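Chemist: Need a 3D model of the sequence below.
(one chain, ligands or ions: 1)
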Amino acid sequence: MNADYKKMAGRLMVALDYPDAEQASELVRKLEGIPCYLKVGMQLFYTAGPDFVKSLKDKGYSVFLDVKMHDIPNTVKGGSHSVTRLGVDMFNVHAAGGVSMMQAAKDGAETAVAETPGLVMPTIIAVTQLTSTSQAVMNNEIGIDGSIEASVVHYAKLAKAAGLHGVVASSLEVEAISSACGPDFKTVTPGIRPSGAGMGDQTRVLTPGQAILRGSHYLVVGRPITASKDPRTAAEQIIEEMIRA
Ligand code: C5P
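Modeler: Alright, predicted model coming up:
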């Protein structure tokens, strides 16, 4: 495995959006040997829970626990303490919870790390505007005026002020985030669609190559891999496209 391949595969986060551990494990088996990040979201975590996350860690994967916490600071601090103790490499909270909630997430993780020898501080990122949210929905339903980009950058600045390490956003917004928060502030970008793939419920989408060119640190890909007849080839093709870009 050459260095470019390993590096790019590590920037691909495969979303294990499955209803049970068996189906998720089956995909993991099909992807065996590809050093990608694995993302466990609410569908899988609510059913397969901490044991499944630990099994991925035992196999040597980096794990992003996409549980998007959004609650009062004390509760988020507790949640963050619990998920950090699982040994996840990354997890997230909603920036809409505000600065003190995001600081509480950091506090909870730091407390867990201080209590547990060998535990490494996870990367904590904030969800800005979901990649399924269009400007019309944000303006008319969520009640936030202005452009998506302005809202995303506003949330990114709050996340940075709270001491978080990055944000989830569309790769369309990466340039604006990086100029506001610096190039080391991590951008995790769902809404990735290889050309020809269906959009599903996503609205703000780019191809893997476009996302890399725009500077996304991590690309989150679900259905283009999980719904493919040949998930391994789909993942390999995405990594190849990322390398070419
Ligand atoms: O199947 P698809 O590639 O659209 O999956 C995208 C994944 O990224 C899903 O697991 C979804 O929950 C997640 N996600 C997202 N938008 C965000 C945050 C996470 O689509 N803002």
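Chemist: quick one: Arg29 and Lys59, what's the gap?
Modeler: 10 Å (Cβ to Cβ, to the nearest Å). Heads up, the C-betas are built off the backbone N, CA and C, glycines and all.
Chemist: which one of these two has more residues nearby?
Modeler: More neighbours surround Lys59 than the other of Arg29 and Lys59, with 12 against 9 (other Cβ atoms under 10 Å).
Chemist: so what's the residue in the chain positioned nearest to the ligand up against?
Modeler: The chain approaches the ligand most closely through Gly222 (2.5 Å), counting by Cβ to the nearest ligand atom. Residues near Gly222 by Cβ atoms under 8 Å, 6 or more residues apart in numbering: 14-15, 17, 39, 190.
Chemist: Per-residue pLDDT of it, please?
Modeler: The score at Gly222 is 97. That number is its pLDDT.
Chemist: Next: Ser195.
Modeler: With respect to pLDDT, Ser195 has a value of 80.
Chemist: on that earlier part again, got the phi/psi numbers for the residue of the chain closest to the ligand?
Modeler: Note on Gly222: backbone dihedrals following degrees, to the nearest 10 are phi -110, psi -100.
Chemist: From here on, call the first residue 293.
Modeler: Yep, numbering from 293; the last one is Gly514 now.
Chemist: Can you tell me the element the nearest residue to Leu330 once chain neighbours are set aside falls in?
Modeler: Distance criterion Cβ to Cβ, 6 or more residues apart in numbering; nearest residue to Leu330, sequence neighbours excluded, is Tyr353 at 4.9 Å. For Tyr353, there is no helix or strand it lies in under DSSP states H and E.
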